[in-house]
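Peer 1: Structure for the following, please:
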Amino acid sequence: MPSYHNMFPDLHHTQSRSSRDPETPVVVSLRPTELTPMQPVKSPGAMRRALLPPPMRHQIRSSSPTPQPIRTDCSTSNPEVIHFYDLPQVTGSDVLTFEPDYSYIIPEGSGVSLKLPETPANKNSSKSPAIIRPATPPPPPPLPTRPPFMKRVPLYLEILPLSTTASTMLSTAQSTTPVTTAAATVTAALSTQPLPGNPNVILVSVGQLVTEEIAAQCVAGEPASCSQCGSVTEAVYDNVVSSSSCYYCAVWEDISHPTPRPPGPMDCEERLFLLPSDPQAGSLAADPLVVFCVDVSGSMSITTEVIDSGQTVYLSRLQVLQQCLLSSLSFLCDSTPNSRVALITFNNQVTVHGVGEAATRSLQEAELIDIDFLSDVGRSFPTPPPVTKSRERLQREILRFVEGGATALGPAATVAIAMASRQPGSKVLVCTDGLANTALGNLEQQDGETLICASIFYQDLAEQAVRAGVTVSVLGIEGTECRLAELGRLADRTGGMVSSVSESDLESQLQKALQRQTVATHSSALLYLPTALCFQGEKEEGSKTLREVGNVSMETELTCCFRLKGEKEREALLSCGSVSVQLQLRYRVTDGRKLLRVITVERGVTDDSSMVLSSLSLSLLQVHCAQKSAALVVRGRYSQAQKETDEQRQLMERVLEHRRSQEEKETYCRWKKEMSPIYEHNVRKFQAIPDGGATLLYGLKNAHRKSSLP
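Peer 2: Model (predicted):
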């Protein structure tokens, strides 16, 4: 999904007299009653009409050029009056050839007719030709553009401009309102210096949108929308309209056809709708359930060197984990004393540790392959009391851990997610040091069929967690392979953390996962563009796209890019001068209300590459490139990911060359270092992505502007 840039270039009007010497007199006719006669003189011949310009002199100086007569019509007794005035003295090369009887200069919009001097062509004509100026004064110039410090657009949606290459034909400067654009305009044509990459990027700061107060009044019920595309219409209380009047359904062809106009005024419009709630949906508790799901298999007995109070000691992985869990309990007691903590361990069996009145329960053998049975156990297990009351019991259970056996990670995760799903906003923290090697969710077998089944299992488990509003974080201990590329799908889909950590960093990473607060659940973002544009890299490359976001934290941001649909729409876009983008964000807040936030933004269109380079936001380009490239690598599309990174890198270098900012150059160097595994083809060296690479890729896939990346 940050200050807003002004999206439109300043308007400059070139005066028609700008190329003329400022000292050259301007001649225009006025009625004689508006002049002060100096020396009336009768003069025969054709009349000349002129505005009496400064400087005026009552007497003719001998040093001035030949005084020029001005003859005007008079309605008084004197039918013809001549006024004399001095011309400014001009010397050197600026001396102009002077014609005593005539001046070709007339002011703009004077509303007068000017007779031309006699020429052989019109000498015998009974009526001399005349230049006719319109009597209606010209319209006033347009208002100046809004200064940058006058913000009307909130900072959450942004749109960038698209590259002007032969294949993309469009170059836009991204941005939208509670949606943010990297540049301030939409670029729609090839320029003399085509831009590499794609600057047409939209960023939506979902976390900021769902938590920020909106000044608009909340309207109950669904909004009026187009019957064909579903875009929200201008009139809130109108009935559903047909596609014939919908801006986002209109056809853009060429400049000879009338182009659609964006709905509403420029900049941004926001509306908030209160939707009917699901009676069975619960609210996000202030202190949701925290489920620790930890590995106690035989590999947890491996010892490691640890510095404790300045002394070197050797502790097993299980001992390190026990200390971290005890510290986490203390952290929860201090930060959220009413939070409820559940404890699940797994080796060759799954143990749900009893807290309070509940008794400990162990699951093994055939019970570990029945998904429905495991889910029922989790949902029916008694909810533990607040951590301040259960702390001593939890500490005793933690200190009784004994390592040994296999790694039934899949069944344990199923029970933990089912237990947490009773309360939206709950967290599941999975900590392991090895591959899941039991039947359900087996990641140890290398044959393709088993891995495909395991991948589908974890994807389904992640979808179950998202539907329940549960966040899952996965921590793998360094030194062993856990296949975080597959297991990390649980965290990636639910908005949790994926991390491969050393024993010394395990405590800090656990606390970081505990601090990650869910501010909304069941969220989705629907974006609309005019039909002249289409989204790029989405499941369906049309003029609208749907993103299922799920759980939202304060840092959640999503990006997407778009391009010009075809060459015939290019001229239509330029002739229209602006396009409109609409965001529909649906989400459920902590008190259980279901809301729809609609934001419509209008942005200008340009084909000026230099304007695009001046308005682009590097941080938005970097976030979008990181998210898109990492997502492609996770899906195994390495060549496309490397191509995307190369093109966007070239665009950023063009921006740096154009702006020459040292601060932006340092930011770009940090980003390039972070992206080096993709840029340097390092991810292609492995048949399977290692845990360290998976940690990096999932971090890039969920990058945001507050992260260390940009």
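Peer 1: can you give me the helices in the stretch 501-650 of the chain?
Peer 2: Listed in chain order, the helices found in the stretch 501-650 of the chain under DSSP state H, counting those that start in this stretch are 506-515, 568-576, 609-615, 618-634, 638-659.
Peer 1: looking just at contacts, which helices and strands does the second one meet?
Peer 2: The one in question is helix 568-576. On a contact count with 3 or more Cβ pairs under 8 Å, 6 or more residues apart in numbering; DSSP states H and E, helix 568-576 meets strand 594-606. The way it works is simple: take the backbone N, C-alpha and C, and place the C-beta from them, glycine included.
Peer 1: quick one: strands adjacent to the strand it packs on?
Peer 2: Paired with strand 594-606 in the same sheet, following DSSP bridges, are strand 185-187 (parallel), strand 267-275 (antiparallel), strand 578-588 (antiparallel).
Peer 1: closest to Ala436 out of those strands?
Peer 2: Each of the strands paired with strand 594-606 has some distance to Ala436 by Cβ to Cβ; the shortest is strand 578-588, at 31.7 Å.
Peer 1: Okay, buried residues for the closest one please.
Peer 2: Of the residues in strand 578-588, those scored as buried under the neighbour-count criterion (16 or more other Cβ atoms under 10 Å) are Ser578, Val579, Ser580, Val581, Gln582, Leu583, Gln584, Leu585, Arg586, Tyr587, Arg588.
Peer 1: can you redo the residues you listed as CSV with pLDDT?
Peer 2: Converted to CSV, the buried residues of strand 578-588 look like this (pLDDT from 0 to 100):
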residue, pLDDT
Ser578, 82
Val579, 85
Ser580, 87
Val581, 91
Gln582, 92
Leu583, 93
Gln584, 94
Leu585, 94
Arg586, 94
Tyr587, 94
Arg588, 92
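Peer 1: which among these gets closest to Pro140?
Peer 2: Pro140 lies nearest to Ser578 out of the buried residues of strand 578-588, by Cβ to Cβ, at 21.3 Å.
Peer 1: Looks like the closest one contacts Val601 (just checking).
Peer 2: No - in terms of Cβ atoms under 8 Å, Ser578 does not count as a neighbour of Val601; the distance is 10.2 Å.
Peer 1: Could you check how far Phe562 is from Gln584?
Peer 2: To Gln584, Phe562 is 16 Å away according to Cβ to Cβ, to the nearest Å.
Peer 1: Let me fix that, I meant to ask about Ala224.
Peer 2: Here the distance between Ala224 and Gln584 works out to 13 Å (Cβ to Cβ).
Peer 1: Over to Pro194?
Peer 2: In terms of Cβ to Cβ, Pro194 sits 34 Å off from Gln584.
Peer 1: Determine which of the helices of the stretch 501-650 of the chain approaches Arg396 most closely.
Peer 2: Taking Cβ to Cβ as the criterion, helix 506-515 is the member of the helices of the stretch 501-650 of the chain that comes nearest to Arg396, at 19.7 Å.
Peer 1: Can you give me the buried ones in the closest one?
Peer 2: By neighbour count on 16+ other Cβ under 10 Å, the buried set for helix 506-515 is Leu506, Glu507, Gln509, Leu510, Ala513, Leu514.
Peer 1: Could you tell me which ranges of the protein sit under the pLDDT cut-off?
Peer 2: Low-confidence segments of the chain, defined by pLDDT under 70: 1-138, 143, 146-193, 214-216, 234-245, 253-268, 279-286, 679-687, 707-710.
Peer 1: In contact with Leu451: list those residues for me.
Peer 2: The neighbours of Leu451, taking Cβ atoms under 8 Å, 6 or more residues apart in numbering as the test, are Leu443, Gln445, Glu486.
Peer 1: Make TSV out of those and add neighbour count, secondary structure and distance to Asp370.
Peer 2: Shown next, in TSV, are those (neighbours: other Cβ atoms under 10 Å; DSSP: H, G, I helix; E, B strand; the rest coil; distance: Cβ to Cβ, whole Å):
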residue	neighbour count	secondary structure	distance to Asp370
Leu443	25	coil	20
Gln445	13	coil	20
Glu486	21	helix	22
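Peer 1: Turn those into TSV, columns for distance to Val474.
Peer 2: Written out in TSV, the entries for the contacts of Leu451 read as follows (distance: Cβ to Cβ, whole Å):
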residue	distance to Val474
Leu443	12
Gln445	20
Glu486	10
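Peer 1: ok, so of those residues, who is nearest Thr360?
Peer 2: The closest of these, once distances to Thr360 are taken by Cβ to Cβ, is Leu443, at 27.2 Å.
Peer 1: mind checking the SS state of Leu332?
Peer 2: Under DSSP: H, G, I helix; E, B strand; the rest coil, the three-state class of Leu332 is helix.
Peer 1: Does it touch Val341 like I think?
Peer 2: Yes - with contact defined as Cβ under 8 Å, Leu332 reaches Val341; the gap is 6.5 Å.
Peer 1: okay, and the common contacts of the two?
Peer 2: The overlap between the contact sets of Leu332 and Val341 (Cβ under 8 Å, 6+ apart) consists of Val290, Val387.
Peer 1: picking up where we left off before, what's the overlap in contacts for Ala224 and Gln584?
Peer 2: Each of Val232 lies in contact with both Ala224 and Gln584 under the rule Cβ under 8 Å, 6+ apart.
Peer 1: Please name the residues that touch Tyr698.
Peer 2: Tyr698 is in contact with Leu484, Gly488, Ala491, Asp492, Val498, Ala630, Val634, counting by Cβ under 8 Å, 6+ apart.
Peer 1: now do 10 Å
Peer 2: 474, 484-485, 488-489, 491-492, 496-499, 630-631, 634 (Cβ atoms under 10 Å, 6 or more residues apart in numbering).
Peer 1: from those, which single one is nearest Val415?
Peer 2: Nearest to Val415 out of these is Val474 (Cβ to Cβ; 15.7 Å).
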